[in-house]
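In: Have a look at this prediction, sequence included:
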Amino acid sequence: MNPEQNTQTDNEVLVKVEGLSKKFCKDLKTSLWYGVKDLMTGIGGSTNERELRPKEFWAVKDINFELRRGECLGLIGHNGAGKSTLLKILNGLINPDAGKVTIKGRVGALIELGAGFNPILSGRENIYNNGAILGFTRQEIDQKLDAIIAFAELEEFIDMPVQHYSSGMKVRLGFAVAAQMEPDVLIIDEVLAVGDLGFVLKCFKTIDRILPNTAVIFVSHSMPMISRMCNQIILMEKGQSKFQGEDVGKAIDLYYTRFSNSESNVIFDDGTLNLEKAEIIGGEIRDNLKQLHWKEDFKVHLKFKLLKELKDFECFIIILDKEQRPVASLERNKRNNNFTVNNNAINLLVVHKNIQLSKGVYSVNVAIRNKGNKEPIFRMNSVLSFQIVHHEETWEPFLLESEFIDFKTI
Ligand SMILES: Nc1ncnc2c1ncn2[C@@H]1O[C@H](COP(=O)(O)OP(=O)(O)OP(=O)(O)O)[C@@H](O)[C@H]1O
């Protein structure tokens, strides 16, 4: 193959979606009535397909994109945004009300748990059915069968009816069929999350392997997974595309902004103290958020108002990422019982030098406990939030300063 031909194949558009829209009705009775009316006025011939009737809403509205071999599109958005509906239209499970989908080649899809399987047939029989739907001959499936069963790790249960499979087993079989058949287009919904960690890692390895020859469309609520896999992204909201492009990081930031919870909350309080003030010293405030540059000192001023006498205490400061996963804990106070009490208040300055968290938004939880008997005294979540600024997009929680120098062997 000459290089020109090769480039052409690499750049081949495998999925083209133009003005795709789908409406649903909020109640079943009205939906059935509209169905009957549509039948009478001629199926698909309605001139009002772009209009909403009472109780209807757009589950997917005017979605456009092109996807080439080797590209992975991430679909993100909150629950009910229309991601699964879009996937189902792409996979031909439901018809759109407007717009057009053009797909070239074989489509492997893992959409709803158990969808595409006949529950009363065995795993083996379902592999043959699915393979046939994908356009493979019996001999071709024979050749792939062992690899599919081995990948799904279902050797023992392959002749059991699929209806008796666990959720994880159904996902294993579904992914094994979808991916081992090496489709041109691979569509994967959130179902992958049902598999255990070992299987999920195996799936990613497979996707990495087949991606150069496949166009992948991937729906997930896991932003680390999206950022790891996708080079294009659509952020959906109420069926529409709110952000679309190659800036995956920006789309993820927008997604998180929707869920940002600036409300702090006291989880536990035994009445000994109140947290009167919590402030990050230094940095600068932008968009109501304290920004610190990577490697700046992280300094927090905490002011506790004492309502009762407090002897030795320990202060816990925990830093959480945007998904509320704890990523770091500051070393506890080592000094004994010698914080100055002024006007019934203790003022603490907690300093962590050269913070090396990755770029992103973080929040801080604070907890106080009795140093002697370890009893909890006070605990408050989301006391503060701050942003670490760095030019580099890093998905690991820390970006550790390092030097690369010539290693001189003797
Ligand atoms: N068959 C249907 N009939 C009526 N409404 C439907 C139907 N299927 C989906 N919907 C509605 O369409 C909207 C989009 O649903 P969809 O499942 O596509 O969202 P999603 O983005 O995949 O959500 P999630 O993140 O929860 O999986 C929702 O309001 C849902 O209730």
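Out: Arrived safely.

In: Quick check: Ile141 vs the ligand, distance?
Out: According to CB to the nearest ligand atom, to the nearest Å, Ile141 and the ligand sit 31 Å apart. (Each C-beta comes from the backbone N, C-alpha and C, glycine too.)

In: roughly how far out does whatever helix or strand Arg124 lives in sit from the chain middle?
Out: If you go by DSSP states H and E, Arg124 is part of helix 123-133. In terms of CA atoms, centre = their mean, to the nearest Å, the centre of helix 123-133 is found 30 Å from the chain centre.

In: I'd like the mean pLDDT over the following helix or strand past it, please.
Out: Counting by DSSP H and E, the next helix or strand C-terminal to helix 123-133 is helix 138-152. Average pLDDT, helix 138-152: 91.

In: Going C-terminal from helix 138-152, what's the next secondary structure element?
Out: Beyond helix 138-152 toward the C-terminal end (DSSP H and E), the next one is helix 167-180.

In: now the angle from that following helix to helix 138-152?
Out: Interaxial angle, helix 167-180 versus helix 138-152 (axes from the mean of the first three to the mean of the last three CA atoms, to 10 degrees): 130 degrees.

In: per-residue pLDDT, Ser241?
Out: 95.

In: Count the neighbours of it for me.
Out: 21 (other CB atoms under 10 Å).

In: how close does it get to the ligand?
Out: According to CB to the nearest ligand atom, Ser241 stands 12 Å off from the ligand.

In: what's the answer for Ser167, then?
Out: Counting by CB to the nearest ligand atom, the gap from Ser167 to the ligand is 15 Å.

In: Ok, Ile267 next?
Out: In terms of CB to the nearest ligand atom, Ile267 sits 28 Å off from the ligand.

In: Could you do Gly239 as well?
Out: 7 Å.

In: One more: Arg332?
Out: 40 Å.

In: For that residue, which non-adjacent residue is spatially closest?
Out: Closest residue in space to Arg332, ignoring its immediate chain neighbours: Glu314 at 5.0 Å, by CB to CB, 6 or more residues apart in numbering.

In: now swap in Cys230 and tell me
Out: Spatial nearest neighbour of Cys230, excluding adjacent residues (CB to CB, 6+ apart): Gly74 at 3.4 Å.

In: quick one, what contacts that neighbour?
Out: Applying CB atoms under 8 Å, 6 or more residues apart in numbering to Gly74 gives the contacts 218-220, 226, 229-230, 232-234, 248, 251.

In: tell me which parts of the chain are close to the ligand?
Out: Proximity of the chain to the ligand, by CB under 6 Å from any ligand atom, involves residues 24, 59, 77, 79-85.

In: Could you check how far the host helix or strand of the residue nearest to Cys230 is from the centre of its chain?
Out: Mapping Gly74 onto the secondary structure by DSSP H and E places it in strand 72-76. Relative to its parent chain, strand 72-76 has a centroid offset of 10 Å by CA atoms, centre = their mean.

In: likewise stretch 187-196?
Out: Counting by CA atoms, centre = their mean, stretch 187-196 comes out at 11 Å from the chain centroid.

In: where does the protein dip in pLDDT?
Out: By pLDDT under 70, the weakly predicted segments of the chain are 1-10, 42-50, 112-115, 259-264, 335-338, 410.

In: Find the centremost residue of it, please.
Out: By CA atoms, centre = their mean, the chain has its centre lying nearest to Ser222, at 2.0 Å.

In: ok so, going back, list the buried ones in the helix holding Arg124?
Out: 123-131 (16 or more other CB atoms under 10 Å).

In: contacts for that helix?
Out: 116-118, 121, 138, 140-141, 144-145, 148-149, 152, 154, 157-160, 162, 165, 173, 177, 181.

In: all helices of this structure, in order?
Out: Assigned by DSSP state H, the chain shows helices spanning 3-10, 28-40, 83-90, 123-133, 138-152, 167-180, 197-210, 223-229, 248-259.

In: tell me what the longest one is packed against?
Out: If I follow you right, that is helix 138-152. helix 123-133, helix 167-180 (3 or more CB pairs under 8 Å, 6 or more residues apart in numbering; DSSP states H and E).

In: okay if I get these as JSON lines plus distance to Cys203?
Out: Shown next, in JSON lines, are the helices and strands packed on helix 138-152 (distance: least, CB to CB, whole Å):
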{"stretch": "helix 123-133", "distance to Cys203": "17"}
{"stretch": "helix 167-180", "distance to Cys203": "5"}
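
In: Which one of the ones you listed lies nearest to Lys55?
Out: Each of the helices and strands packed on helix 138-152 has some distance to Lys55 by CB to CB; the shortest is helix 167-180, at 33.2 Å.

In: Between helix 123-133 and the closest one, find me the angle.
Out: Orientation check (the same axes, to 10 degrees): helix 167-180 against helix 123-133 gives 40 degrees.

In: Give me the buried positions along helix 167-180.
Out: Those would be 169-180, for helix 167-180 by 16+ other CB under 10 Å.

In: hmm, who's touching stretch 193-211?
Out: Residues lying outside stretch 193-211 but in contact with it, judged by CB under 8 Å, 6+ apart, are 70, 72, 113, 151, 153, 167-168, 170-172, 175, 179-180, 182, 186, 188, 192, 216, 220-222, 225, 228-229.

In: The residue nearest to the residue nearest to the centre of the chain when sequence neighbours are not counted: neighbour count?
Out: Using CB to CB, 6+ apart and skipping the chain neighbours, the partner closest in space to Ser222 is Ala193 (7.0 Å). Using other CB under 10 Å, Ala193 is surrounded by 12 other residues.

In: Only alpha carbons, please: show the helix holding Arg124 as PDB.
Out: Output of helix 123-133 as PDB, limited to C-alpha atoms (Å, rounded to 0.1, in the frame of the first residue of the first chain):
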ATOM      1  CA  GLY A 123     -23.400 -17.700  26.200                       C
ATOM      2  CA  ARG A 124     -22.000 -19.800  23.400                       C
ATOM      3  CA  GLU A 125     -25.300 -19.500  21.300                       C
ATOM      4  CA  ASN A 126     -25.400 -15.800  21.900                       C
ATOM      5  CA  ILE A 127     -21.900 -15.400  20.600                       C
ATOM      6  CA  TYR A 128     -23.000 -17.000  17.400                       C
ATOM      7  CA  ASN A 129     -26.100 -14.800  17.200                       C
ATOM      8  CA  ASN A 130     -24.200 -11.600  17.800                       C
ATOM      9  CA  GLY A 131     -21.400 -12.600  15.400                       C
ATOM     10  CA  ALA A 132     -24.000 -13.200  12.700                       C
ATOM     11  CA  ILE A 133     -25.600  -9.800  13.400                       C
END
